[in-house]
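# need a 3D model of the following:
(2 chains)
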Amino acid sequence: MFSTLLVANRGEIAVRIIRAARELDIKTYAIYTSVDKNALHVKLADEAFALVEDGKIAGYLDIDQIISICVREGIESVHPGYGFLSESELFAKKLTEKGVKFIGPPADVIELLGNKVKSRQKAIEAGLEVPRGSDIITDENDGILQANEIGYPVLVKAVFGGGGMGIQFAHSDKELKKALQNASAQAQAAFGRGEVFIEKFINQPRHIEFQILADNFGNVVHLGERECSIQRRNQKLLEESPSKAITRVKRNEIGALVCRLAKNLGYISAGTIEFLYLDNKVLFNEINPRIQVEHPVTEMLTGKDIVKEQIKIAQGEELSFKQSEIKFRGHAMELRINAEDPLNNFQPTAGLVQKFTAPGGPQVRFDTAIYEGFTIPNCYDSLIGKMIVAAETRGEAISRAQNALKELVIIGFPNNISFFQELIDDEKFQKGDISINFIQDQKLLEKLEKNVCTLASALFAVGLKKSEMNLPQQSSNWRMKGKMDAIGRD
Amino acid sequence: MDKKFRVRIHGTELDLEQSKKGIKIKDYYFKPEVLYNGKFYRVFVNGREYRVEYKDNTIHVDGKEIDFDFRSAPQLLARNDLKFRKGADIKASIPGKIVEVRVNLGDQVQDQQCVVVLESMKMRNEILSPIDGIVEKIFVNDGDQVSTKQLLVKIKPME
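Next up, the predicted model:
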């Protein structure tokens, strides 16, 4: 048992963790960098510590400094959230050495899962299907041999990478040579290790993942799937559950296998097993050993509090429910509201939040760390809010999301609210006919651009009309009345 | 003669031209019809209808507040002219990492040619030259971390 917790993160997830800890009567500590001194997680935590910045390491990644704060203040546990140090086995290991509880899987499990080739092997052993793939590629000739064995087109991926970064596509031997070089260079730059492997390219799959929870007593449950196919550049934008592609039988079957995989790994805490789905095949992709951005989708569907369960498991408690007690009710979806400009290639933006109104109503949840007057720094993730809605059916969830989007106002910098309006109104999306190429296939950005330009022209015309009417010689009210009468409006 | 404006909608800036043919934004032409009933405006454009209201200096479209503003653009044009004569300082528009410097000192570059690739938030952004010119100075190397508004490349205009 512990009664103090440091949140080694910022933004909405830091706020989320503080709330969960509060409900368990745990005292919370925040850390912050200078640009975050007015951030919501700092205000909400019981105590907060400024990170000393030397300009080189971004504060939230400063393992030694965070650990020394824990030791100095006698803090008993650390929740890493997602991103930053959440998948750092070094952080988990060092904390454990100092007697501070890391809220997440054991360091050696994180280390093993960081190796994508080994993860694939473990998945196969548990009985899951994987895409055809290679071992670590030793050199160019080996790569060509392996790629031909697997069959083009293929993907070249970082062995120690993840999150969709640096993946290269190759159609032929010639393309493969370049892909091997690029992938290796990018992996070296991003993850510090250049090893790559090759996997069969799956064309237009769905992205589906399973949520699990595992305690220290060998109990593992799955909380069903999330469909995360709506993405841009391998980054998720909208997640929902249940997936149209997963039947109850399939859910039980894959669910049992992911639980077996977790057991084999000695997995503890919350985790996610990602899959690619195509033509009734569910192919293992990778395991994310952390809480995920989209965990609220599952919380809305099952009524379970995943972050609270994570903390309780770390405190040494047994899981409070069995697999048979988990019920899935209705449909839930999450929209990731980002500070990014959908009209400019989703470029990240930032700035002062001039106006902010969150949506509300039954089964509408808005997880955020922004407030009016807060300046969003431009050096962190562009996620500024998660709008989660649930309803009895997918159709009702969609219309709830449409209405919630109408209520949601964020003014101060470009954001993707207008993009979601376009997406949610799309007929094919409403039918649930989606894949990871959906945004390109449906030309959503082109449609959005046209609609935004149309609205801009309308507002411009109103602006001109208004300024004309403010001039003293205005006399056109009669003419306008005539026009309105002519089209039958008042 | 067309009148040029710049509008800001949802925080994004767009160039707008007004002429007899209508309103041009990007490659689209619009002919909005505006009606006013003393309380709010109705705009009909491209088969759509918007209800626009002004309330205490804010604009509402179909009941939702919107971020919209416009100004005429002569000063923008003047600045462009000046830029052409003076050369251009290409700065980072977002923080990130330089993954590729595509030009060498003394290279001739064309308007909209990529000079630097900047990776930010897992995305590769091509940073373009705004003018025809010659690379006068390069301030960054592959792998450098840069912050917003940091000077990347200086382009001088061609003689």
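
# what's near enough to touch A:Asp135?
A:Val117, A:Gln146, A:Phe197 (C-beta atoms under 8 Å, 6 or more residues apart in numbering or on different chains). C-beta coordinates here come from the backbone N, C-alpha and C atoms, glycine included.

# no, scratch that, I was asking about A:Leu278
Neighbouring residues of A:Leu278 by C-beta under 8 Å, 6+ apart: A:Ile202, A:Asn203, A:Gln204, A:Pro205, A:Arg206.

# tell me the bridge partners for it.
Bridge pairing for A:Leu278 (DSSP bridges) gives the partners A:Lys281.

# helices - which of the contacts of A:Asp135 land there?
Among the contacts of A:Asp135, the residues falling in helices (DSSP state H) are A:Val117, A:Gln146.

# near chain B, from the contacts of A:Asp135?
When contact is defined as C-beta under 8 Å from any C-beta of the partner chain, the contacts of A:Asp135 do not meet chain B at all.

# closest to B:Val45 out of the contacts of A:Leu278?
The closest of these to B:Val45 turns out to be A:Gln204 (C-beta to C-beta; 35.3 Å).

# of the contacts of A:Leu278, buried ones?
A:Ile202, A:Pro205, A:Arg206 (16 or more other C-beta atoms under 10 Å in any protein chain shown).

# over to A:Ala187: give its phi and psi.
Dihedral angles of A:Ala187 (phi, psi; degrees, to the nearest 10) stand at phi -70, psi -40.

# isn't it up against A:Phe160?
Yes - judged on C-beta atoms under 8 Å, A:Ala187 makes contact with A:Phe160 at a distance of 6.9 Å.

# and for those two, which residues touch both?
Common neighbours of A:Ala187 and A:Phe160 (C-beta under 8 Å, 6+ apart) are A:Arg193, A:Glu195.

# who's in contact with A:Asp425?
When contacts are counted by C-beta under 8 Å, 6+ apart, A:Asp425 touches A:Gln402.

# where in chain B is pLDDT low?
Scanning chain B for pLDDT under 70 picks out B:1, B:72-85, B:121-123, B:159.

# do you have the helices of it handy? List them.
For chain B, the helices defined by DSSP H cover B:74-86.

# returning to what we had before: let me have the buried ones among the contacts of A:Leu278 in a markdown table, extended by pLDDT and distance to A:Asn403.
Shown next, in a markdown table, are these (pLDDT from 0 to 100; distance: C-beta to C-beta, whole Å):
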| residue | pLDDT | distance to A:Asn403 |
| --- | --- | --- |
| A:Ile202 | 95 | 36 |
| A:Pro205 | 94 | 31 |
| A:Arg206 | 96 | 27 |
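
# more neighbours: which of A:Ala187 and A:Phe160?
For the pair A:Ala187 and A:Phe160, the greater number of neighbours falls to A:Ala187 (24 against 18), based on other C-beta atoms under 10 Å in any protein chain shown.

# OK, contacts around the more buried one?
By C-beta under 8 Å, 6+ apart, A:Ala187 lies in contact with A:Ala158, A:Val159, A:Phe160, A:Gly161, A:Gly166, A:Arg193, A:Gly194, A:Glu195, A:Val196.

# can you rerun that using 10 Å?
Contact partners of A:Ala187, counting by C-beta atoms under 10 Å, 6 or more residues apart in numbering or on different chains, are A:156-161, A:165-168, A:193-196.

# who wins on neighbours among the residues you listed?
Counting neighbours by other C-beta under 10 Å, the top entry in the contacts of A:Ala187 is A:Val196, with 31 neighbours.

# unless I'm mixing things up, that residue is touching A:Ala170, no?
No - assessed by C-beta atoms under 10 Å, A:Val196 is found out of contact with A:Ala170, at 11.3 Å.

# gap between A:Val15 and A:Leu180?
42 Å (C-beta to C-beta, to the nearest Å).

# circling back to that earlier point, which one of the contacts of A:Ala187 sits closest to A:Asp367?
Among the contacts of A:Ala187, A:Met165 lies closest to A:Asp367 (C-beta to C-beta), at 24.6 Å.

# the closest one against A:Lys116, yeah?
No - counting by C-beta under 10 Å, A:Met165 does not reach A:Lys116; the two are 11.8 Å apart.

# just give me the neighbour total for the closest residue to A:Gly330 other than its chain neighbours.
Once flanking residues are discounted, A:Gly330 sits nearest to A:Glu392: 4.6 Å by C-beta to C-beta, 6 or more residues apart in numbering or on different chains. The burial count assigned to A:Glu392 is 11, neighbours taken as other C-beta under 10 Å.

# shouldn't A:Glu392 be in contact with A:Leu301?
No - the pair A:Glu392 / A:Leu301 is not scored as a contact, 11.6 Å apart, by C-beta under 10 Å.

# shared neighbours of these two, anything?
Contact criterion C-beta under 10 Å, 6+ apart; residues shared by A:Glu392 and A:Leu301: A:Arg329, A:Gly330, A:His331.

# only the buried subset of the residues you listed, as a PyMOL command please.
Only the buried entries of these go into this PyMOL selection, using 16+ other C-beta under 10 Å:
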select buried, chain A and resi 330+331
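
# with respect to A:Leu61, which of the shared contacts of A:Glu392 and A:Leu301 is nearest?
Closest approach between the shared contacts of A:Glu392 and A:Leu301 and A:Leu61, by C-beta to C-beta: A:His331, at 37.1 Å.
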